[in-house]
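Participant: Here is my input, please return the structure:
(2 chains)
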Number of protein chains: 2
Amino acid sequence: MPNLKIALAQINPTVGAITANTAKIIDFINRAKEQKADLVVFPELAITGYPPEDLLLKPQFTTDNLAALKEIVKQATGIAVYIGFVDQNKKGIFNAAAFIEDKKIKAVYHKMNLPNYAVFDEKRYFQEGKNPVIVKYKGIKIGLGICEDLWVEKGPYLEEAKKGADLILNINASPYSIGKIKARHKIVKKIAQKTKAHIVYVNTVGGQEELIFDGGSMIADPKGKVIASAKQYEEDLLVFNLEGSRKLTPFLDELPEIYNALLLGIRDYVGKNGFKEVTIGLSGGIDSALTLVLAVDALGKEKVHPVFMPSSFTLKQSEEDSLLLAKNLGVKLEDLPISSLHDAYLKGLAPIFEGKPADITEENLQARIRGNLLMALSNKFGWLVLTTGNKSEMSVGYCTLYGDTAGGFAVLKDVPKTLVYRLVAWRNSQGKAIPESIIKRPPTAELRPNQTDQDSLPPYEVLDPIMQAYVEGNKSLKQIVKMGYGKEVVCKVTSLIDRAEYKRRQAPPGPRISPRAFGKDWRIPITNKYQNK
Amino acid sequence: MPNLKIALAQINPTVGAITANTAKIIDFINRAKEQKADLVVFPELAITGYPPEDLLLKPQFTTDNLAALKEIVKQATGIAVYIGFVDQNKKGIFNAAAFIEDKKIKAVYHKMNLPNYAVFDEKRYFQEGKNPVIVKYKGIKIGLGICEDLWVEKGPYLEEAKKGADLILNINASPYSIGKIKARHKIVKKIAQKTKAHIVYVNTVGGQEELIFDGGSMIADPKGKVIASAKQYEEDLLVFNLEGSRKLTPFLDELPEIYNALLLGIRDYVGKNGFKEVTIGLSGGIDSALTLVLAVDALGKEKVHPVFMPSSFTLKQSEEDSLLLAKNLGVKLEDLPISSLHDAYLKGLAPIFEGKPADITEENLQARIRGNLLMALSNKFGWLVLTTGNKSEMSVGYCTLYGDTAGGFAVLKDVPKTLVYRLVAWRNSQGKAIPESIIKRPPTAELRPNQTDQDSLPPYEVLDPIMQAYVEGNKSLKQIVKMGYGKEVVCKVTSLIDRAEYKRRQAPPGPRISPRAFGKDWRIPITNKYQNK
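Facilitator: Just a heads-up that it's a prediction; the model follows:
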């Protein structure tokens, strides 16, 4: 067994912030040195943040990242460093990692397996590495690799193990989805057993638009047992001697896991984009209530400014519930009635609308007035607008473009309605926040008298599994019907999903928690006449 | 020289419309038969339309396309057919093409070179083909291939030529950008000379969201001379005997080329998305004027409904010019004043804005009121809203999210302001449309008294080349300064571009005419702290 003290530097870099990321890296190197670590391991593309996307097409960007690497190399005294960066040669650029010792780059590994599916576009930018790499450090043979290399049949690790590697380094920017951490433990275990080596798995932490990197770095022994693991959802420096006793952070359960993922998504979208405070339109419904509680939990109550914008269709209960919720959370609720604005629009449009019956137009106007008011607050006070729509609504287009979709970050964009209820129940179990009457009343957009969601949509217990099979599972209509749903409701839900594409294209980003969110991993054409079968 | 009569079926399929595309293909086969062609050649992925994007992740989609191919196979009597489709085997799916003869698939070629740059994501979906393919038909050896195969160093054609191919088929979905047709002629010429074979180059035609396929299919002889060419911007069936005399369609000049690309983009976005009519906010400025003329030229004047929405800052000249423009085009101009709506917002917001000076908030409100009104017309009458912002504005964020960016299709999204002027001059040279006073007045958003664009922005003759170097050329600040621009103005323009990313993310699609438009080929993070140097 290799005797080595390893520091897993689970940092939260910001995409593009090369100077600040470098300062953070150097700080973590120094902290690892203080704890007498022999080796400190940083995540994939730690210098640039992940994913840099088309910044990688700027030659200057790679140049700047290489200059930063030089600065980091200078710090590697008395400790070895394994760190992700963008390398470059005549063939192009590489998703690379440097093993640094004694102020020298001892080895560079070029990622051999470039993911180009789901949220990943690495073949757009990077050339494929061709060779596994082993370095010898303090008498131990160490096999190098990056992220995807762990997950594929023909990764470099088996060859590295054959050549005698006792320790394998795998650095990641592995985005969160529900239960992903368990899949990671499983694969790390498998590769440890196959290679009969210790595996050091270091993940990034932090939110980058829709992506949430959840940390949870770990070390597994050659038997596949995880012997050390870092925190989820926050930076951590886990220093561990391979001969020491186990040092484990237990998994969070499903609901707190999701809840914490959303908190990190909010905190980092707000913070990394230079905002300090947020505003939220509160309707009296459960989605805006959960969004508000999440925002308060993520940012602190003094940073969150909810606004109540009643129309003539708004029930007294909506106002009372909103006030009670605000009171529970200790936030001030602003009041901006929209009736007179709605009337002014109807009056202005009356001549051109003459003889036409009222329809969705008048409903959408209300939502758009609210969107305008929130954006006015955003403009005047610099508050980021958090939108409140859930994944079920975003799927079937039960939302108003430029209305309730207007804002900077869509907190529940990937949270189906049925999960909204479960998250609320869990959050309330941690300390009463959301009034019972908000949970119990039937969902409504309150854009006409006595409206409920179920006037237009099937019950969410039916809609959600159909949506998930179609969106997340790429299932055909026939397959979904076989799951036990009526053909009519399946056709209705899927065709609503198909027709709402133009709304999603103009929606703000929101944190991804499912295997497939409406974001980078959803590239369905708007102009699309495919008739699903 | 091979004696063969070849039909180039330059069709306009719709993405996903497998049944309709198949009917169109069969119709073109029959028309080619009527003209006694020996072989009819269709574009890349003709059955599914291009690009199908994530429809390709649905297994049923590939199944449906294979069933359509079977239907097409049945039609191949007395004529051979070469056509693009999605093939499938155990390894995955392929961007493929079938050579069909006597109701049988004689050969299938799998695209060997999958573009995964710019607007292309083919490695997200397809496996790479491994083998060049030759078929023998009527005594002639024919080399098969698809699109990108023509452009790469190691394409299949050289090997096919070595094996005796006298004729090479290259089928495409090659998107338009300015001057692209010349680049295509150049590469076809080069490959013809290298292979000493006839090259049959068939392109798709039509608009698919941001992409415009401009047609211009052609045949080159082994000396590299183009001996036959099809129309640009419309469907065509070019039937040509390789021993016959030349049959050429001349290139359009630059400005009519761009103008026609925009017309096709509008026509197909409107038509393929099931709209019949459009609405446009007319300001009295040159961008909305050009958008209106393009819409009228694309759709016919009876399908276009311009709206004038004056505020208290709107000059009389704006109204007069708009009325004159509408009169020139024979369209009715709707009038929807916004002053009372603006007042109603200011009144509603007064308590919460108390003590705060007027700023951009009040300006944005005007733009958002106009956006709401246009969307109300869209909801009530089913008109698609065409937005009017140009690429210069979209670059530096000189636009209001949910205001003037609200709509379904952004006609000038990829047209810089200086090009707007050139297009207007060309269009007026074809028949006076846009009043001189619209062309001559200084650009203004008219959101406050005496405002002009140049209060906030450098002159467009400076802004546009800086923007193009930065956006289209990935140039560093240092490089742009070296082009002859002041450091200060370069920093200003590029940092405005960087900061406007969140607006672009929620903007509607618009037709791509440049080498890099704000669309699929622009994947810059919103959360991005990169300090350009």
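Participant: Verify the contact between residue A:167 and residue A:201 for me.
Facilitator: No. The pair formed by residue A:167 and residue A:201 falls short of the contact definition of CB atoms under 8 Å, at 11.9 Å. Backbone N, C-alpha and C define where each C-beta goes, glycine included.
Participant: Pick out whichever of these two has more residues nearby.
Facilitator: Remark: of residue A:167 and residue A:201, residue A:201 carries more neighbours, 28 against 25, as counted by other CB atoms under 10 Å in any protein chain shown.
Participant: Assumed the more buried one was part of a strand.
Facilitator: Yes. Under DSSP: H, G, I helix; E, B strand; the rest coil, residue A:201 falls within a strand.
Participant: How about the contacts made by it?
Facilitator: Neighbouring residues of residue A:201 by CB atoms under 8 Å, 6 or more residues apart in numbering or on different chains: A:150, A:170, A:172, A:184, A:188, A:217, A:218, A:219, A:220.
Participant: And the residue of the stretch 51-200 of chain A closest to chain B?
Facilitator: residue A:60 (3.8 Å; CB to the nearest CB).
Participant: Identify each buried residue in the host helix or strand of that residue, please.
Facilitator: Assigned by DSSP states H and E, residue A:60 falls within helix A:59-75. Using 16 or more other CB atoms under 10 Å in any protein chain shown as the test for burial, helix A:59-75 gives A:60, A:61, A:62, A:64, A:65, A:68, A:69, A:72, A:73, A:75.
Participant: The closest residue to chain B within the stretch 1-150 of chain A: what secondary structure?
Facilitator: Closest contact between the stretch 1-150 of chain A and chain B, by CB to the nearest CB, is at residue A:16 (3.0 Å). Under three-state DSSP, the three-state class of residue A:16 is coil.
Participant: quick one: it from residue B:468, how far?
Facilitator: 22 Å (CB to CB, to the nearest Å).
Participant: cool, residue A:341 as well?
Facilitator: Per CB to CB, residue A:341 is found 41 Å from residue B:468.
Participant: Could you pull up the contacting residues of residue A:530?
Facilitator: Counting by CB under 8 Å, 6+ apart, residue A:530 has contacts A:498, B:15, B:16, B:17, B:18, B:55, B:61.
Participant: From residue B:32, how far out is whichever residue of the stretch 151-300 of chain A sits closest to chain B?
Facilitator: Nearest residue of the stretch 151-300 of chain A to chain B: residue A:272, at 4.8 Å (CB to the nearest CB). Using CB to CB, we find residue A:272 at a distance of 57 Å from residue B:32.
Participant: repeat for residue A:329
Facilitator: Residue A:329 is 70 Å from residue B:32, by CB to CB.
Participant: Have a look at these two and say which one is more surrounded.
Facilitator: Per other CB under 10 Å, whichever of residue A:329 and residue B:32 has more neighbours is residue B:32, with 24 against 19.
Participant: and residue A:490, what does it touch?
Facilitator: A:466, A:477, A:480, A:481.
Participant: Name the member of these with the most neighbours.
Facilitator: residue A:466 (26 neighbours).
Participant: What's the first helix or strand after the helix or strand it falls within?
Facilitator: For residue A:466, the element it lies in under DSSP H and E is helix A:460-467. Counting by DSSP H and E, the next helix or strand C-terminal to helix A:460-467 is helix A:477-482.
Participant: okay, the angle between whichever helix or strand comes after that following helix and helix A:460-467?
Facilitator: Once helix A:477-482 ends, the next helix or strand along the chain (criterion: DSSP H and E) is helix A:487-499. In terms of direction (axes from the mean of the first three to the mean of the last three CA atoms, to 10 degrees), helix A:487-499 departs from helix A:460-467 by 60 degrees.
Participant: Helix A:487-499: how far from the chain's middle?
Facilitator: Taking CA atoms, centre = their mean, to the nearest Å, one finds helix A:487-499 lying 27 Å from the centre of the chain it belongs to.
Participant: Then stretch A:248-258?
Facilitator: Worked out by CA atoms, centre = their mean, stretch A:248-258 lies 16 Å from the chain centre.
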